[in-house]
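A.B. asks: Test case, fold it:
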Amino acid sequence: MANMANMANGEFIDAAYKTGAGRYLQGTAVLDQLGCEVSRLGKKAFAVAGPNGWRVAGERAAASLEAAGVPFCVEVCDCPTSHEAARRLADAVRAAGCDVVVGVGGGRVMDLAKAVAATGGWPVAQVPTSIATCAAFTPLSVMYHEDGSFCGTWRYEREIDAVLVDLEVMATQPPRLIAAGVLDAMAKVPELAHGAQALDEAEQDVQRWCAYRYALVNNEQLERYAAAACEEAAAGKPGAALERVVYLNLALTGIVSALTRGFHQTALAHKFYDGMRTLYAQRSAGYLHGELVAIGLIMQLVFNGDGDEAARVQRFMRALGMPGTLPEIGIARDAAGVEALARYIDDGEFVGPGAAEQARFARAFEALFL
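C.D. replies: This is a model prediction of the structure:
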């Protein structure tokens, strides 16, 4: 699956990781290969880019496409990943005579590029500029309404055609994005084990069980290397820790999601996220996906009966500079909308109707404020 990078005399040595089922390439000069990758997929590219993503990677992306003789159009957009935006951009792709979509940017743009490609039936190549989510790799898009409120998840029947992760680009992202991506990835273990402290092998289908085991390895590695990766990004120098965390956040976390086809790998932590984007759309707009999921992760762990682990993870979050409770993002226990948030989560598929289940959820919800 991968040719591991080496460290010699403390210096980072370039390496490219390649996986099957589509292609995942990671290294310090991978963006220069974009033109060759896109030429395998189509004859004319339509780049969907975020403003910051194009600022960071656009010049090199354009140069690579030009060097490979691939004509292209660019749409720099700063809009929600909505069905309306996907249709609008798909119309632009057709009008320009393009036959392959290229996403350049953060998680929102990655999801939007996939949605545009799915709308028109085109292949898609992704150039992520942050690891705040694993959206570049996963075969799904988190969708929103035009006003920014949550609209559901669009799951795809095919893998991403190519993901190109340039470590020099990754080193330009703020450490906050890395921390958010780490905690978003770490939510997979307790969400896969929803309702218990661990997943029982005898009770689960093999896909879910394998996803869980991969997620356990992922969490151990992320906790070990996250702080150093943030330090390397702060210094703008890609090293071994950033290399490893980028791969874990994007590729391995994406594999965990792909093993379950996006089903049964999210629970209360992501339901909390959905509720925040739905009921506190404006208030939560300034917080990253992973920052909100991480707060919901505390609720998930308490619901699973693992309060000690919840406290330990909360300390880890704060060590990375992330908020650990709702009051830390300005929402007190008696704030307007809190009870509606509790009902939103309780009414979902993850909390049963019995008295014991309701009491367990009540304790878990209160953990959001402790």
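A.B. asks: low-confidence ranges in the stretch 1-150 of the chain?
C.D. replies: In the predicted model of the stretch 1-150 of the chain, residues 1-21 satisfy pLDDT under 70.
A.B. asks: pull the CA atoms of the host helix or strand of residue 272 into CSV?
C.D. replies: Applying DSSP states H and E as the criterion places residue 272 in helix 268-279. Output of helix 268-279 as CSV, limited to C-alpha atoms (Å, rounded to 0.1, in the frame of the first residue of the first chain):
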residue,chain,number,x,y,z
LEU,A,268,-23.6,10.7,18.9
ALA,A,269,-20.5,12.8,18.3
HIS,A,270,-21.5,13.5,14.7
LYS,A,271,-25.2,13.8,15.6
PHE,A,272,-24.1,16.5,18.0
TYR,A,273,-22.3,18.2,15.1
ASP,A,274,-25.4,17.9,12.9
GLY,A,275,-27.4,19.5,15.7
MET,A,276,-25.0,22.4,16.1
ARG,A,277,-25.0,23.1,12.4
THR,A,278,-28.8,22.9,12.4
LEU,A,279,-29.8,24.7,15.6
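A.B. asks: what pLDDT, on average, does the longest helix seen in the chain get?
C.D. replies: Longest helix in the chain, counting residues (DSSP state H): helix 206-235. For helix 206-235, mean pLDDT rounds to 95.
A.B. asks: How about stretch 178-198?
C.D. replies: Mean pLDDT, stretch 178-198: 95.
A.B. asks: just to revisit the earlier point, what's next to the helix holding residue 272, contact-wise?
C.D. replies: Outside helix 268-279, the residues within contact range by C-beta atoms under 8 Å, 6 or more residues apart in numbering are 144, 148-150, 187, 190-191, 194, 283-284, 287, 289, 292-297, 299-300, 303, 337, 340-341, 344-345, 348, 350-351, 364, 368. No exception for glycine: its C-beta is placed from N, CA and C like everyone else's.
A.B. asks: now with 6 Å?
C.D. replies: 149-150, 187, 191, 284, 292-293, 296-297, 299-300, 303, 337, 340-341, 344-345, 348, 350 (C-beta atoms under 6 Å, 6 or more residues apart in numbering).
A.B. asks: What residues sit buried inside the longest helix of the chain?
C.D. replies: For helix 206-235, burial by neighbour count (16 or more other C-beta atoms under 10 Å) applies to 208-209, 211-216, 218-219, 221-222, 225-227, 229-230, 232-233.
A.B. asks: what packs against that helix?
C.D. replies: helix 175-186, helix 188-192, helix 240-247, helix 253-259 (3 or more C-beta pairs under 6 Å, 6 or more residues apart in numbering; DSSP states H and E).
A.B. asks: Roughly how far does residue 138 sit from residue 260?
C.D. replies: 10 Å (C-beta to C-beta, to the nearest Å).
A.B. asks: Comparing these two, which residue is more hemmed in?
C.D. replies: residue 138 (27 against 18; other C-beta atoms under 10 Å).
A.B. asks: Could I get the phi/psi values of the more buried one?
C.D. replies: phi -80, psi 140 (degrees, to the nearest 10).
A.B. asks: any idea how far the residue nearest to it when sequence neighbours are not counted is from residue 173?
C.D. replies: The shortest distance from residue 138 to any non-neighbouring residue, by C-beta to C-beta, 6 or more residues apart in numbering, is to residue 257 (4.4 Å). Distance, residue 257 to residue 173, by C-beta to C-beta: 21 Å.
A.B. asks: Just the contacts of helix 268-279: which are in strands?
C.D. replies: Those of the contacts of helix 268-279 mapping onto strands are residue 150, per DSSP state E.
A.B. asks: Tell me how far the residue nearest in space to the middle of the chain lies from residue 36.
C.D. replies: Nearest to the mean C-alpha position of the chain, by C-alpha atoms, centre = their mean, lies residue 133 at 1.8 Å. Going from residue 133 to residue 36 by C-beta to C-beta gives 26 Å.
A.B. asks: and if you look at residue 333?
C.D. replies: 55 Å.
A.B. asks: For residue 287, grab phi and psi.
C.D. replies: Dihedral angles for residue 287 - degrees, to the nearest 10 - are phi -110, psi 140.
A.B. asks: same deal with residue 153?
C.D. replies: phi -120, psi 130.
A.B. asks: burial measure for it, as a count.
C.D. replies: 15.
A.B. asks: Could you do residue 150 as well?
C.D. replies: Residues near residue 150, counting by other C-beta under 10 Å: 18.
A.B. asks: Spatially nearest residue to it (excluding sequence neighbours)?
C.D. replies: Using C-beta to C-beta, 6+ apart, the closest residue to residue 150 is residue 277 (4.1 Å).
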